[in-house]
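Trainee: using only what follows, build the 3D model:
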Amino acid sequence: MAARKLFHPPSILPLAGLFVLTLGLTLLGTLTRPIESLSLFWPINAILLGLLLRQASLATPPGWLAIYLGMVAADLLTGNDLLTALWLNACNMGLLLTAWYLMVHLPGQPRLEHPLALLHLLLACAAGAAVAASLACTMDGARWFDGTLQTTWLSWFTEQFSTCLLILPALLTAPRSWHRPNLHELRLLRALPLLALLASLAAGLVIGGPGALAFPVPALLWCALRYRLFTLAVLTMLTGLVEIVGVAGSLTFYGVAQHSIDDSALMSARLGISMLVMGPLVVAVATTINRQLLERLEHRANHDTLTGALMRNALAQQTSALLERRRQQPGSSPLSLLMIDIDHFKAINDTHGHAMGDQVLRTFAAELRQQLRQGELFGRLGGEEFAVVLPGANRVEALHIAERLRATVERLQFPLADGGTLRITVSIGVATLGEREYDLPLEQALLRADMALYQAKAQGRNRVMMAEERPD
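Mentor: Numbering: from 1, shown residues only. As a prediction, this is how the structure comes out:
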């Protein structure tokens, strides 16, 4: 028998895409940097590092090679000799490999979902930038900025370190799928932190002075408390970029009256800017973690542990809110209620044990949740009794949904230890509320559906019964 292949080479298409992306980014960075100098802002390494952390399948030896070849090809196309291109991009690869390895192997997730993630990010970026700067200093005739090796090292380190700290948080927190923006977030009150940030940046350009670098910090802290982590990460990245460009143009750091800036001031400003934006990011990460914790606690408080359905109190609160909205909007769409009871559930527990009974409840609840649409409520009233709230469903639609749910449950099968199969059925009572009933509490609103449920049981179970429509 032929030996099983243990190595599966990656597809050529992702590698080609990685090569083209690296080539394009490097060409863009090279062609936009000042002549005869290192780049003011070199985002290529940070973008590639973020991509490799988000797409782990690309961080393979062929992937690293594709990146390196893309960088070298870009340098050759822009006039560098082969030896210089190989060594310059070895410096870039030193940063990528070092920072990637540390981010992957330090505790926590690369997507900044760990309380210490930002500290790990800072350490990884610092280590990667230090490796790149050290490799750059070993080049023959490293004379950038017409300075010493110390100046060269600091120039490489500060640019790479600050750029990674500014760009990576936005890349690591970017959502994997985009949704239509929430109109609530576009209201004026939600925009006030952003307006304050723009005003603080404008004030820095007008007033000038070293302290102008810190002007945006209060506004960024406000943004950290009001916006999502990804939004804040984008704002800190843009703020840092604006300030770095402002420093290089002698606007932010010295004010509009100055026309020159030395290298030491630029390097110091880069580090200062990257450190300043870390504060709001720490606040945003802590706020996000606390919000997620509160959401989990709220979910546990409002949902049944076994079935995941809303508990009775939570169902009552959310149903009351739906009824209140309809009461305030006369002529709005109707609302229907379903009362669902698993037939002969006590016999299942007595015959097959409570473990099988729990399995029946879990599977039944999971199946019903898959059948319901967004905005429809599903709750457990107790034992084997459940309720479904259908906003916008009239009598005909509610009856159709109830019949579909009944047929779905009837098709469920539960394998037994003895090789047999257990099947279950449900009885469902349906009621549609008129406008006069929108101010009823849940218990009274469910009463008509409950009466229809008892009629379904009395007529043999495994059926749907519609409550009589009350005259207005």
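
Trainee: what's next to the helix or strand hosting Cys91, contact-wise?
Mentor: For Cys91, the host element (DSSP states H and E) is helix 82-105. Contact partners of helix 82-105, identified using CB atoms under 8 Å, 6 or more residues apart in numbering, comprise 44-45, 48-49, 52-53, 59, 64, 67-68, 71-72, 75-76, 80, 110, 120-121, 123-125, 127-129, 131-136, 139, 156, 160, 164. Where you see a C-beta, it was placed from the backbone N, CA and C, and this is true even at glycine.

Trainee: got the phi/psi numbers for Pro175?
Mentor: When read as degrees, to the nearest 10, the backbone of Pro175 gives phi -70, psi 150.

Trainee: I'd like to know how far it sits from Ile47.
Mentor: 17 Å (CB to CB, to the nearest Å).

Trainee: neighbour count for these two, which is higher?
Mentor: Taking other CB atoms under 10 Å, Pro175 and Ile47 do not tie; Ile47 has more neighbours (18 against 8).

Trainee: quick check: buried residues in the helix or strand in which that one is found?
Mentor: Element membership of Ile47, judged by DSSP H and E, is helix 44-54. Across helix 44-54, burial judged by 16 or more other CB atoms under 10 Å covers 44-53.

Trainee: roughly how far does Leu123 sit from Ala130?
Mentor: Taking CB to CB, one finds Leu123 at 11 Å from Ala130.

Trainee: could you pull out the helices for the stretch 351-472 of the chain?
Mentor: Per DSSP state H, counting those that start in this stretch, the stretch 351-472 of the chain carries helices over the ranges 354-371, 395-410, 442-458.

Trainee: what residues does Thr231 make contact with?
Mentor: Thr231 neighbours (CB under 8 Å, 6+ apart): Cys223.

Trainee: can you tell me the element it falls in?
Mentor: Under the assignment here (DSSP H and E), Thr231 is part of helix 229-248.

Trainee: and the angle from whichever helix or strand comes after that helix to helix 229-248?
Mentor: Next helix or strand after helix 229-248 toward the C-terminus (DSSP H and E): helix 263-302. Relative orientation of helix 263-302 versus helix 229-248 (axes from the mean of the first three to the mean of the last three CA atoms, to 10 degrees): 170 degrees.

Trainee: can you start the count at 48 instead of 1 from here on
Mentor: Sure thing, new numbering starts at 48, so read that last one as helix 310-349.

Trainee: for helix 310-349, the distance to its chain's centre please.
Mentor: Offset of helix 310-349 from its chain centre (CA atoms, centre = their mean, to the nearest Å): 15 Å.

Trainee: mind giving me the packing neighbours of it?
Mentor: helix 164-184, helix 196-220, helix 264-273, helix 276-295, helix 359-374 (3 or more CB pairs under 8 Å, 6 or more residues apart in numbering; DSSP states H and E).

Trainee: correct me, but Phe208 touches Cys172?
Mentor: Yes. At 5.5 Å, Phe208 and Cys172 qualify as touching, with contact defined as CB atoms under 8 Å.

Trainee: these two: who's more crowded?
Mentor: Cys172 (28 against 24).

Trainee: so what's the residue count around the closest residue to the more buried one other than its chain neighbours?
Mentor: Spatial nearest neighbour of Cys172, excluding adjacent residues (CB to CB, 6 or more residues apart in numbering): Cys211 at 4.0 Å. Each residue near Cys211 was counted by other CB under 10 Å, and the total is 28.

Trainee: I figured Cys211 hits Ile94, correct?
Mentor: No. Counting by CB under 8 Å, Cys211 does not reach Ile94; the two are 9.9 Å apart.

Trainee: can you find the helix or strand in the chain with the smallest mean pLDDT?
Mentor: helix 310-349 (a mean of 79; mean pLDDT, DSSP states H and E).

Trainee: distance check, Thr198 against Leu70.
Mentor: 30 Å.

Trainee: for Glu490, which non-adjacent residue is closest in space?
Mentor: For Glu490, the closest residue by CB to CB, 6+ apart turns out to be Ala363, at 7.7 Å.

Trainee: count the neighbours of that neighbour for me.
Mentor: 19.

Trainee: now swap in Trp203 and tell me
Mentor: 26.

Trainee: give me the pLDDT for it.
Mentor: In this model, Trp203 is scored at 85, pLDDT.

Trainee: which residues touch Leu279?
Mentor: 267, 270-271, 327-328, 331.

Trainee: now those residues as TSV including neighbour count?
Mentor: As requested, the contacts of Leu279 are exported to TSV (neighbours: other CB atoms under 10 Å):
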residue	neighbour count
Leu267	23
Cys270	23
Ala271	25
Pro327	25
Leu328	24
Ala331	29
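
Trainee: which single one of those residues is nearest to Gly64?
Mentor: Leu328 (30.0 Å; CB to CB).

Trainee: I'd assumed Leu166 was in contact with that closest one.
Mentor: No. Counting by CB under 8 Å, Leu328 stays clear of Leu166, with 10.9 Å between them.

Trainee: quick one: distance of the helix holding Thr278 to the chain centre.
Mentor: For helix 276-295, the distance to the chain centre is 20 Å (CA atoms, centre = their mean).

Trainee: just the CA trace of stretch 68-77, in CSV.
Mentor: C-alpha atoms of stretch 68-77 as CSV (Å, rounded to 0.1, in the frame of the first residue of the first chain):
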residue,chain,number,x,y,z
LEU,A,68,0.3,42.1,-2.8
THR,A,69,3.8,42.4,-1.4
LEU,A,70,5.2,43.6,-4.8
GLY,A,71,2.5,46.3,-5.1
LEU,A,72,2.7,47.5,-1.5
THR,A,73,6.5,47.7,-1.7
LEU,A,74,6.5,49.6,-5.0
LEU,A,75,3.9,52.0,-3.6
GLY,A,76,6.0,52.6,-0.5
THR,A,77,9.2,53.0,-2.4
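
Trainee: run through who's touching that stretch.
Mentor: With CB under 8 Å, 6+ apart, stretch 68-77 has contacts from 86, 89-91, 94-95, 98, 113-114, 116-118, 120-122, 124-125.

Trainee: recalculate using a threshold of 7 Å.
Mentor: 86, 89, 91, 94-95, 114, 117-118, 120-121, 124-125 (CB atoms under 7 Å, 6 or more residues apart in numbering).
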